[in-house]
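Engineer: Next one to model:
(chains A and B)
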Amino acid sequence: MIVLREIHKVFPDGTYALRGVTLELKAGEVLGLLGENGAGKTTLMKILSGIYEPTRGAIEIDGRPVRFRSARDAMREGIAMVHQHLSLVEELTPLENIALLEGPSLGGLGKLLRGKVEAIARSLGFEVEWDRPVGELPLGVRQRIEIVKALYLGARVLILDEPTSLLSPPEVKSLLDIVKRLKAEGRAVVFITHKIPEVLPVADRIAVLRRGEKVGEYPPSVGPDVLVEAMVGKLKSWTLGREGEPSDVVLSVEDLWVYDRGRPLLQGVNLSVRRREVHALVGVEGNGQEALVDALVGLRRPARGSIRAGGLVAYIPDDRHGRALVLDLPLVHNAVLGIHRRFSRAGLFDWAGARRFAAKLIEEFSIVAPGPDAPARSLSGGNQQKLVVGRELSKRADLLIAHQPTRGLDVATTEYVHKLLVDVRNAGAGVLLVSSDLDEALKLADTVSVIYRGRVVLNKPAREATVEEIGRAMAGL
Amino acid sequence: MRGFLDSLLSLAVAIAVGAVVAYISGYNPLLVYYSMFVVPFTDVVYVTSALATATPIILTGLTFALGLKAGLFNIGAEGQTYMGALGAVIASYLAASALALPLSFVIGISLAVAWAMVPALLKAYRGVNEVVSTIMMNWIAYWLVIMEASTTFSNPMQPSETIKMPPSARLTPLVPGTSLTAGFFVAVAAALLVYWLLERSVIGYELTAAGLNPVAARIAGIPQSRVVIYSFLLGGVTSGVAGVLQVAAMPPSYSLATNLANVYGLGLDGITAAMLGRGNPLGTLLAALFLGLMEEGARHMQALAMTPFEFVKVLQGIMILVIAVRMLELWRRR
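Structural biologist: Residues are numbered from 1 along each chain as shown, chains lettered A, B, ... in the order given. Just a heads-up that it's a prediction; the model follows:
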């Protein structure tokens, strides 16, 4: 039995990924690990598989404390992880990929290795074309090769990170069969996912993480509604001081289709946002909301449909490091990013003005920073987010697109950002809030829409929507 | 500041490794470094010669530094320098008076910028990798300029050279007997100007931001196309000036060698300078001066320590390797 005890993980950038999670794993059991992106599932499992070291907390195997400094250490204890992005050399055959693990000492890729891996595959109920380059094999097969690879190394605990994300429905079905066989062989399997229907038929026990904490453990018999609630938040709604009613439209999206390499991400989305309205678009992540936001801010070209945005658009992205900040530049530079042209004096930068503006942001949004010249990287995650939010709000835009604006923030900062969003709405702008946190959405929204598999499946005024129907729509029921 | 210390440390490591290489190759390391770093300062002729050597490297270094700032690998300084030099030759052909000097800059810079714009536009609007396209443009320029220099503009009196700048249009040595011309101050001024532009102008801000985070820049309304075009445009100007100066301020011949001897390799030296200077224009200036000093020292090294000329190239190579390793490490840590 493996126990993860009170695991905390704080990343160097200040993100608090795990806040004291305790989890047990037993042989011959399938544990479903459920949670939104950013809930900490992958981080927790990377700690178990030796890729990260925990900031605090302990790992015990059969009552004996262990410490993993690398994935190799964890492997020695029989713990292996199959990553979402597979790590096979595409030019080599599956057999050669597995032979790589043996290092240069392997005398020849002889019959021994082949016999062994074929036996493993057979025991799991499938066959692999061992002599074709991996690059020519479908993703589902590559995943099986990864599983064989882990078992070849003697894995007793197998962690599958979002294993279905790349698979077609029939492939998903045969993956689930393999998981059942692994279980029958007495191995422990952790199945990480945010898709509830997939985990229900195989899991013996389901642990749900939210914002770095374990919300609870459930038997699969509790059904999807309870799990959705556990994943996205306690299903209660309370209101903030809302002033005025929604008026004219500032964003209208009609019949929007977006493809990614032939795969449809959006399938005819219709959506509108009005002034004095917080329109919350909720959905389990990966159902097309990212593609919609990308299309709205011009990072993705729609295949069909129209987007009409009236006036200035402000954007708070979900990935502040990648999209909103230039971490290597000072706070001042970041404070004016996107509105920097306002500081142009005949082509020259008005740095004095920019510094005054940055000082104002620091003051107004209580950003804790050594000063305007400190690199953005040196700020904590929460303060970076306040900087981004402050900057975007100070644009006084007609439309604000806020994508997971409170992810990774502590409770106080989250409340503060919520208040700011409602202030923006009350000041007459339209807000499109894209969130997978149902608490947040219902607290702030005037209108709520649910996106599922690239379609808006529900759209109604927030006060008329019941939490149950939203939860069911999110789960695709 | 930390970058500067980093560079110094890299230099120290390179010098130490170089000393070992010198020793095992049978040369006296002390004598090698004495002739390299001390002797050049013992005579004003040596000092000015080092500065003259550094002049074009400052300018081509700025081209690469401007690319680095914007996150681009602009290898095109080499070819753009050839085109600048060709511009000076064309001006000498068109005007036989002092007018040839301003005309050199106009034609030389225009040609160099035109040469830079081809890869810039390909990158901006078609996503063509700038490394490939600039190298290709370098070779096109190489053969084109050789052809022009040895046919249309060849000097009937001296077949290994083109026609000379008209005497009144030449930038002659400021101190007679040395090779220091006003060209050196043009290059220093260019470095200061580029530094100032990057720090103080809106476009400089946009280049810097886009170089460090292209996605965030794009969302902030800084299109990649604008960044590429400005970076290459400014880079084309500085390389063009380098080419013009290699003709107009190059005593005693004031012409372009038909084998391009007085422009060949400058773009590549510029890359070295910009890397040593970590993409900072002032760092590039310092690094180019250092490279000029090394080049001058190499001559004395040959005479005093009996090393072959190539030995300096070995030392340079070691330095770049050390710095490249350091930079990779910094990138990886992000």
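Engineer: Let me know the distance separating A:Arg308 from A:Leu399.
Structural biologist: 11 Å (C-beta to C-beta, to the nearest Å). (Glycine included, C-beta is placed from N, CA and C.)
Engineer: Now the common contact residues for the two.
Structural biologist: Jointly contacting A:Arg308 and A:Leu399 under the rule C-beta atoms under 8 Å, 6 or more residues apart in numbering or on different chains are A:Leu251.
Engineer: quick one, which of the two is more surrounded?
Structural biologist: Remark: of A:Arg308 and A:Leu399, A:Leu399 carries more neighbours, 23 against 11, as counted by other C-beta atoms under 10 Å in any protein chain shown.
Engineer: ok, that one - contacts?
Structural biologist: By C-beta under 8 Å, 6+ apart, the neighbours of A:Leu399 are A:250-251, A:273, A:309-314, A:429-432.
Engineer: Angles on the backbone of it, please.
Structural biologist: phi -130, psi 130 (degrees, to the nearest 10).
Engineer: Give me the local confidence score for it.
Structural biologist: On pLDDT, A:Leu399 comes in at 95.
Engineer: Equivalent analysis for the one 10 residues further on, please.
Structural biologist: According to the prediction, A:Leu409 has pLDDT 69.
Engineer: burial of residue 19, as a residue count?
Structural biologist: As the question left the chain open, I've gone with chain A. 17.
Engineer: that's the other chain; I wanted chain B
Structural biologist: The number of residues near B:Ala19, taken as other C-beta under 10 Å, comes to 17.
Engineer: who touches the residue nearest to it when sequence neighbours are not counted in this structure?
Structural biologist: Using C-beta to C-beta, 6 or more residues apart in numbering or on different chains and skipping the chain neighbours, the partner closest in space to B:Ala19 is B:Pro29 (3.9 Å). Each residue near B:Pro29 by C-beta under 8 Å, 6+ apart is listed here: B:18-20, B:22-23.
Engineer: Can you turn the buried part of those residues into a PyMOL selection?
Structural biologist: Buried members of the contacts of B:Pro29 can be picked out in PyMOL with the line below, counting by 16 or more other C-beta atoms under 10 Å in any protein chain shown:
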select buried, chain B and resi 18+19+22
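Engineer: So the residue of chain A found nearest chain B, which state does it fall into?
Structural biologist: When distances are taken as C-beta to the nearest C-beta, chain A reaches nearest to chain B at A:Gly338, 3.6 Å away. Three-state call for A:Gly338 (DSSP: H, G, I helix; E, B strand; the rest coil): coil.
Engineer: same check, this time on B:Gly267
Structural biologist: Per three-state DSSP, B:Gly267 ends up helix.
Engineer: ok, now A:Gly428?
Structural biologist: Going by three-state DSSP: A:Gly428 is coil.
Engineer: so who does the closest residue to A:Glu91 other than its chain neighbours touch?
Structural biologist: Spatially, and ignoring its direct neighbours in sequence, A:Glu91 is nearest to A:Pro133 (5.8 Å; C-beta to C-beta, 6+ apart). For A:Pro133, the contact set (C-beta under 8 Å, 6+ apart) comprises A:90-93.
Engineer: Mark which of those residues are buried, thanks.
Structural biologist: Neighbour-count burial (16+ other C-beta under 10 Å) is assigned, among those, to A:Thr93.
Engineer: and A:Glu245, what element?
Structural biologist: Under DSSP states H and E, no helix or strand contains A:Glu245.
Engineer: Tell me where the model's unsure across the chain.
Structural biologist: Using chain A here. Scanning chain A for pLDDT under 70 picks out the ranges A:13-14, A:37-38, A:102-110, A:165-166, A:168-169, A:233-240, A:408-412.
Engineer: try chain B instead
Structural biologist: Using pLDDT under 70, the flagged stretches of chain B are B:1-3, B:324, B:327-334.
Engineer: all helices of it, in order?
Structural biologist: B:2-24, B:29-37, B:44-69, B:77-94, B:100-126, B:130-150, B:182-200, B:202-212, B:214-219, B:224-248, B:266-276, B:281-304, B:310-332 (DSSP state H).
Engineer: And the second one, what's buried?
Structural biologist: The one in question is helix B:29-37. Buried residues in helix B:29-37 (16+ other C-beta under 10 Å): B:29, B:32-36.
Engineer: ok, A:Glu127 - how many residues close by?
Structural biologist: A:Glu127 has 11 neighbours, counted by other C-beta under 10 Å.
Engineer: One more: A:Ala17?
Structural biologist: With other C-beta under 10 Å as criterion, A:Ala17 counts 24.
Engineer: secondary structure element for it?
Structural biologist: strand A:16-25.
Engineer: ok, the following helix or strand past that strand: who's next to it in the sheet?
Structural biologist: Downstream of strand A:16-25, the first helix or strand assigned by DSSP H and E is strand A:30-34. Counting by DSSP bridges, the strands paired with strand A:30-34 are strand A:188-193 (parallel), strand A:205-210 (parallel).
Engineer: Take those strands and lay them out in a markdown table including distance to A:Ser70.
Structural biologist: As requested, the strands paired with strand A:30-34 are exported to a markdown table (distance: least, C-beta to C-beta, whole Å):
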| stretch | distance to A:Ser70 |
| --- | --- |
| strand A:188-193 | 19 |
| strand A:205-210 | 24 |
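Engineer: Please report the distance of B:His300 from B:Phe290.
Structural biologist: B:His300 is 16 Å from B:Phe290, by C-beta to C-beta.
Engineer: cool, B:Gly79 as well?
Structural biologist: For B:Gly79, the distance to B:Phe290 - C-beta to C-beta - is 25 Å.
Engineer: Which positions in chain B make contact with chain A?
Structural biologist: Proximity of chain B to chain A is confined to B:200-206, B:208-209, B:212-213, B:215-221 under the rule C-beta under 8 Å from any C-beta of the partner chain.
Engineer: One more pass at 10 Å, please.
Structural biologist: Where chain B comes near chain A, counting by C-beta under 10 Å from any C-beta of the partner chain, the residues are B:196-197, B:199-206, B:208-223, B:334.
Engineer: Fine by me, thanks again.
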